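Student: task: produce atomic coordinates for the following.
(chains A, B and C)
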Amino acid sequence: MHNKFYKYLRPYGMPIGLVVLILLLQAIFYQVPLLSPLNIKHILLESVSIALAALGLSFIMMSGEGDLSFAGMFSLLTVIFATVANITNNFLVAYISVTALALFVNLSISALITKLKFSSFIVSIAVMFMANGIEKAFHQQTTLINNPAIVSFSTVEFGLPLIVWILLVVYVVCYLLINKTKFGFSLRIVGENKNAAIEAGINSNGMKISAYLIAGLLLALASSVESTRVGAIYEQGKFYMLPVFAACYLGSSMFNPGRINVFGTFVGLLFLATIEKFMNMINVESYLVAIVQGVILIVAVGLVAFKNREKIVQIKL
Amino acid sequence: MNNKTGSIIKNLQALIKSPQMRIFLILIVAVFLMFTFLIPDFNYLKIQNLNNILTDSVIPAVFAFGMGIIIAGSGFDLSLGHIASMVALIVAYLMSGGIRLDPVSATLIGLLAAAGVGAVSGLLVSRMGISSFIVTLGMQFLIIGVRQIITKGQSVYISNETFKWLATSAFGVSNLVIILIIISVFCFLLMEKNIFGRKVQFIGSNIEASRFMGIDVKNITMLTFVLGAVLAGFGGVLFAARAGAVQINSVDSKLLDAITIAVFSNVIFGKYQSSGIVLVAILISMIGTGMSMMGIRTEWIDFMKGFILLFSIFLAKFMNQNTSITRISLFNTQKGAESYGHE
Amino acid sequence: MEDNVVVRIRDVKKYFGATKALDGVDLDICVNEVHAIVGANGAGKSTLMKTLAGEFVPDEGALHYLEENITGLSPLEIQKKGIQVVHQVLNIVESMSILENILIACPPTKTGILNWKQGREKAQEILNFIGIDFDLGKTAGTLSISEQQFVILARALVNKPKVLVLDEPTSRIGMEETKKLFDVIRKLKAHGTTTIYISHRMEEIYQICDKISVFRDGKRIDTRSTRDLPKEELITMMLGKKLDVFFPKTKVKVRSEVLKVTNLKYKEKLDNINFSVDHGEIVSIVGAVGAGKTEIINIIFGIMKPDSGEVFIEKQPIFSGHSPRKAIKQGVGLIPEDRAMQGMIGDYSVKNNLTAINMKNFSKNGFIDSKKESSQAQDLNNKLSVTPNDINYVISALSGGNQQKVVIGKWLADTYKLYLLDEVTAGVDIGAKSEIYGLLGELAKEGAGVLLATGDIEEAIGLSDRIIIICKGTVVKQVDPKKTSKDEILAYIMGGDKVAQ
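Tutor: Numbering: from 1, shown residues only, chains lettered A, B, ... in the order given. Next up is the predicted model:
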C-alpha cells in the first residue's frame, strides 16, 4: 500500500518539489508580489517566445537528435521579422517570410542528417555560426518595429494576452500530438530506440524531418512574438540558449522516466521564468541571474544523470 | 641521434602518405591558388601576407589543441572562449597598476585559474556523469557572471612592455609562430605518442570497455578538461598580449574558431592529429585573410567559417570517413547502438 | 510449389564487399515444423534471416513465401505477409509500457488518434496464449531481461504470423522460461505456425526441433530430421572437419591459494558468498541467468563494489577503493561478458586492442615505442591464429570468434595470477571454443588460477576441477565434476539449497 502510493507519486515528485520551492520563496519574501495575478500574467507574457522555442527543441530531442542552431536562428529571425515588418508594414508578410526561412533551414538540416547521415550536433553548430554571421550583416540597423499595429500583436488581450492564449493552445495541441496520436508514438520510438523503430516499420527519416519542420514552425512563431515584443535581439540570442535547454532538461526529469516530454518542458520553463522574474523583482543584478540559471541547468541535468547513472550510454553524434 | 631523425623522417613520410592528408594538402593548395589569382597584384603571395596568415593562425590553433583533447575524450567544452577571456582578465589585472606582478607569474596564476575551472567542469562530467555539453554551457554563464563581478564592465589595459614582447617578432618570424611550434610538438607527443593520449582516445571510442581495461576513466576525463582549459587560457593570454588591452568579452568569439578547427581536423583525420590541427588552422587563416583582402566584410567571413565546418563533414563523407566525432553522451540516452561483428 | 513448403529460398547470394556472407543458399522450410538453423559464426545464419525479414536485399537469388515472390520487399511488407523475426538484440522501448511495446508495430488507431483500450484486449490475448501474467501498464524498462524477451516474443505474435524466426531466443532466459518458450512453440505448431530456430545450444535443438539445416561458409550443407542426425555428425558438418580434443585433459598439481572470497554481499543480488581458487585450478561458477555470476566476477575485478565482504588475492586483501586498475596490478585479468561493449575498442585496430593493457611494457617514460608494440601484437596474433592475420585490421570487422580471441589475447601479453572469464564462449563457434578451452588449460598449467562464469553446464563439467553452483545469489554447493552428473547440477541450479539438503 505504501509502495504503490510512492510509485504513483514518483513521476510527480519533481514538479511538486518545484512548486513547493516557489511557494516557499513567496512565503519568505512575502512583500514581493511574485504570485499576484498581474505578475503571473507578466511571467507568462515574457516567456511565450522561449516556451515556444523550447517546445521546438523538445520535438527535435524527442526524435533523438540535438540542435544548437536555434540559438543563432532565433535572433536572426527576429531581425528579419523586424526588418520585413518595417519595410512592408504587414504582419502577415513578415510572419510568412520568417516561417519560410525557418522551414527552409530546418528542412535542409534534417535532410543532411537523415539522407547523408551527418551529425546533428556538428551541422547545427555550423548553422548557428552561419546564422550569426548573416545577422551581423544587418549591422543592427533595424532594432524596433515602427508599426504600432504590428507591435500590438504582443500586447492585445482577450482576458489573457493573445500570445499567451496562442502559447497555451500550441502546447495543448502538441501535447495531444505527442501522446495521443500515432505520429507522436512513432516519433518517440524513433528517438528512444532506433532499432525498435526499424522493427516497427516506422519511417525514421520521415519522422525526424517532421520533427525539424515542426520545430521550425514553432521557432518562427517564437521569433515573431519576440520581435513584436522587444524588436530585433541581435547578439542576445545566445542568452536564450540556456533557458531553452534548461527547460527541456528540467522537463525530462518530470513525468516520464528521463525522457523529454511536452508537459515537463512547460513546467520547467515556467519554473525558470518565475525564478528569473523573482530575481528581477528583488533587484538581483543581471550577471547573478545568469549564474543562477547556469547552476539550475547543471543541477537539473545532474539530477537526471544521477537517476540514470547506471544507464548512461555513449552515443555517436 | 641518427636513429631519432631517421624515425622522425619516417613518421613524416607516413603522415604525408595517408590519403586524408593528401586530399587535405590538395585542398590547401587549391585555396592558396584561388586567392593568389583572385587578389590583385598577387598581394596574397607577398611574404608579409604569408607571415600574417601564419601568425593569425596561432591563437585559434592553440584553442583548437585544447578543444581537440576534450573532443578526443568524447567530451565537449562550450566555455573555452570564456575561460580564455577570464584568464586574460586575470593576467591583465595582476599586471596592472594595483599589483604589478611580473608577466610570468601573472600568466601562471591565470593558467592555474583556468585549470581550476577545467577541473570543476571535469569533475561534474566525470563524477556526476552530466553531459559535458550542459556542464560547459552552464559554466559559460557562471564565468560571465563572475567576470562581471570582478571587472564591473571595465576594460583592463596591459602596460607591461615585457608582455607585449610576446607578440612581436624576432628573426622575421613572429614569436607567436615559435610558440605554436612548441605547443604543437607538446600536444603531438602527449596525444599521439604517449600512453595518456592513447587512453584518452580509447575512452572517446568506448568508455565502458576502457573501464574494463583498467583505464582510470574518471581522472583521465577530468584531465582532458583541465588541459583544454589551460590551453584555452594560454590562448587568452596570447590574445591579450597581442591586443594590448582586454575587454570583458573579447575572446568569447574564439570558440567558433576552436570548434571549427578541432572538429574539422578530427572528422577528416579520424582522431587527434596535431599536424592536422595546425594545417586546418592555417587553412582557416588563409581563407579569412584572403576574404578580407578581397574586401569581403567580417560578417560574411564569420558566415564562411560556419560554412567551412559544414563543408568539413561533406569532405569527410567524400573520403568515406566516419562522420561522427567520437561519442558524446550529449542529449539523451539512446539505445540501439550498432553492434559489432557479424554472424 | 509443393503443398507443404511455406518458405522457399533459391540460390540466394549476398556479398558485403569481398565477403561472401551468403554463397548460393537453397532452403525449403515446410509448414508446421520447427526447423533449426545451425552453423558456426560467420556461416550466414543471421544474414539469411535478415534477408528473409527484408532488412537485406539479396544480390542474387529469390525468396518465396507461399506462392509469392518476396525478394526485395521491405521489412514492414514482409511482416504484413506473415513472417516475423525475433532478433537477438532486444529492441525494447524502455520508457514505454509493456502494452505499447507489444503493439509497437500496430498501434491501435483508425484515425491517427490512439485508442489503447482497444489494444489492451489484443495484447492480453497474446499474453494469455504465451502463458505469462504481466501488468500491461508496467514500464518496460523495469522488467528483467528475461521478461523483456517475452515482451518481444509477444510483439512478434501479435499479428499471428505464419512463420516465426527465433534468433538465439534462450541466450538470456533461464530454464523455467525456456520451458515456457518451448510450450509456446509447440502451441504455435498446433495452430499452423512454422518456427525457424537459430541457436548454438545443441540440447535445445535436439529437444524442440524437427529438422536441422546446417550452414557453413554461406551455404547450406544439408538438412536432416533431428532423429537421424547424431550430435558428432552435426558438429562435423558444422566445422567441416572432425573435432577430436575438446576439453584439455591435463591436470595440474600446484596448490596454493590465489583467490579467496569471504562473505560477499551485494544488494539483493548476492549474499554470503564464500569460496577460494588455487593456483593451477580451473573453477567454474554455474547458475541460471541472473543468479549473480557476473556480479561475483565484477566484484573481484573491482568494477562493482560489494556491500560487505572481503576479497583476497594471494592472501592480500584488496578493498577500500578497489578498481580494475588495482586488480590488474595485482595480477587479475577479466574477460567480460559483453564483448562489443565491454571487451574491445571496436573502432580501433587489432594491434591497439592487443596492447591495451600493458602499454607500460613497451613504453619509455610513457612514450610508446611503436615497433615494440607492433611486434608484441603480431606475436599474440600468431599465437592465437586470428584470421585474417593483420594487426592493423579494425577489430569490429572480424568475426565473433576471432574478436573473442583478440579480447582474450590482450591478457596473454603478461602473466597474470588469476583469470576471470564471464561467459567466454557465448556466441562463439565450436572451433574457436575448442581453441579457447585449450588456452585456458595452458594457462592453468602455467600456474594461473582460472575462474569461469558460465551458463553452459557441459562446458563447466568438461573444463573445470571444481564447480561452484550459485542459485539466487548464494552458493548452493561446490561439486567435483568427475563425480557429479549434469542432471544433479541442474537440479541444484534450479532448486537451490532445498535440493542440497
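Student: what parts of the stretch 101-250 of chain A come near chain B?
Tutor: Residues of the stretch 101-250 of chain A lying near chain B by CB under 8 Å from any CB of the partner chain: A:116-119, A:121-123, A:125-137, A:191-197, A:241-242, A:245, A:249. Heads up, the C-betas are built off the backbone N, CA and C, glycines and all.
Student: okay, now the residue in chain A positioned nearest to chain C: neighbour count?
Tutor: As assessed by CB to the nearest CB, chain C sits closest to A:Gly201 within chain A, at 3.2 Å. Neighbour count of A:Gly201, defined by other CB atoms under 10 Å in any protein chain shown: 18.
Student: quick check: phi and psi on it?
Tutor: Main-chain torsions, A:Gly201, degrees, to the nearest 10: phi 70, psi 20.
Student: C:Val214 now?
Tutor: phi -100, psi 130.
Student: what residues are up against it?
Tutor: C:Val214 makes contacts with C:38-39, C:220-223, C:234, C:237-238, as judged by CB atoms under 8 Å, 6 or more residues apart in numbering or on different chains.
Student: quick one: buried ones out of those residues?
Tutor: Neighbour-count burial (16 or more other CB atoms under 10 Å in any protein chain shown) applied to the contacts of C:Val214 gives C:38-39, C:220-221, C:223, C:234, C:237-238.
Student: between those, which is nearest chain A?
Tutor: Nearest to chain A among those, with distances taken as CB to the nearest CB, is C:Gly39, at 23.6 Å.
Student: what about the closest one, distance to C:Gly17?
Tutor: From C:Gly39 across to C:Gly17, the span is 21 Å (CB to CB, to the nearest Å).
Student: pick out the residue of the stretch 151-300 of chain B closest to chain A.
Tutor: Closest point on the stretch 151-300 of chain B to chain A, by CB to the nearest CB, is B:Glu299, at 3.3 Å.
Student: setting aside sequence neighbours, what's the nearest residue to that residue?
Tutor: Spatial nearest neighbour of B:Glu299, chain neighbours left out: A:Lys136 (3.3 Å); criterion: CB to CB, 6 or more residues apart in numbering or on different chains.
Student: now the helix or strand encompassing that neighbour: mean pLDDT?
Tutor: Assigned by DSSP states H and E, A:Lys136 belongs to helix A:120-137. Regarding helix A:120-137, the rounded mean pLDDT is 88.
Student: which strands and helices sit next to it?
Tutor: On a contact count with 3 or more CB pairs under 8 Å, 6 or more residues apart in numbering or on different chains; DSSP states H and E, helix A:120-137 meets helix A:69-88, helix A:91-114, helix B:254-269, helix B:298-318.
Student: so who does the closest residue to chain A within the stretch 251-400 of chain C touch?
Tutor: Using CB to the nearest CB, the single residue of the stretch 251-400 of chain C nearest to chain A is C:Met341, 9.0 Å away. By CB under 8 Å, 6+ apart, the contact list for C:Met341 reads B:206, B:208-209.
Student: quick check: closest non-adjacent residue to the spatially most central residue of chain B.
Tutor: With distances taken as CA atoms, centre = their mean, B:Ala64 lies nearest the centre of chain B, 1.1 Å away. Once flanking residues are discounted, B:Ala64 sits nearest to B:Ile261: 3.7 Å by CB to CB, 6+ apart.
Student: on that earlier part again, show me which of the residues of the stretch 101-250 of chain A next to chain B are buried.
Tutor: Buried among those (16+ other CB under 10 Å): A:118-119, A:121-123, A:125-136, A:191-197, A:241-242, A:245, A:249.
Student: so what's the residue of chain A closest to chain C closest to, chain neighbours aside?
Tutor: C:Leu76 (3.2 Å).
Student: what's the burial count for that neighbour?
Tutor: 16.
Student: got the CA coordinates for the helix holding A:Lys136 in CSV?
Tutor: Output in CSV follows, covering the C-alpha atoms of helix A:120-137 (Å, rounded to 0.1, in the frame of the first residue of the first chain):
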residue,chain,number,x,y,z
SER,A,120,23.1,16.7,-36.0
PHE,A,121,25.4,18.3,-33.5
ILE,A,122,28.0,19.5,-35.9
VAL,A,123,25.5,20.6,-38.5
SER,A,124,23.5,22.6,-36.1
ILE,A,125,26.6,24.3,-34.7
ALA,A,126,27.6,25.2,-38.2
VAL,A,127,24.2,26.6,-38.9
MET,A,128,24.3,28.6,-35.7
PHE,A,129,27.6,30.2,-36.7
MET,A,130,26.3,30.9,-40.2
ALA,A,131,23.1,32.5,-38.8
ASN,A,132,25.3,34.6,-36.5
GLY,A,133,27.3,35.8,-39.5
ILE,A,134,24.3,36.7,-41.6
GLU,A,135,22.8,38.5,-38.7
LYS,A,136,25.9,40.7,-38.3
ALA,A,137,25.4,41.7,-41.9
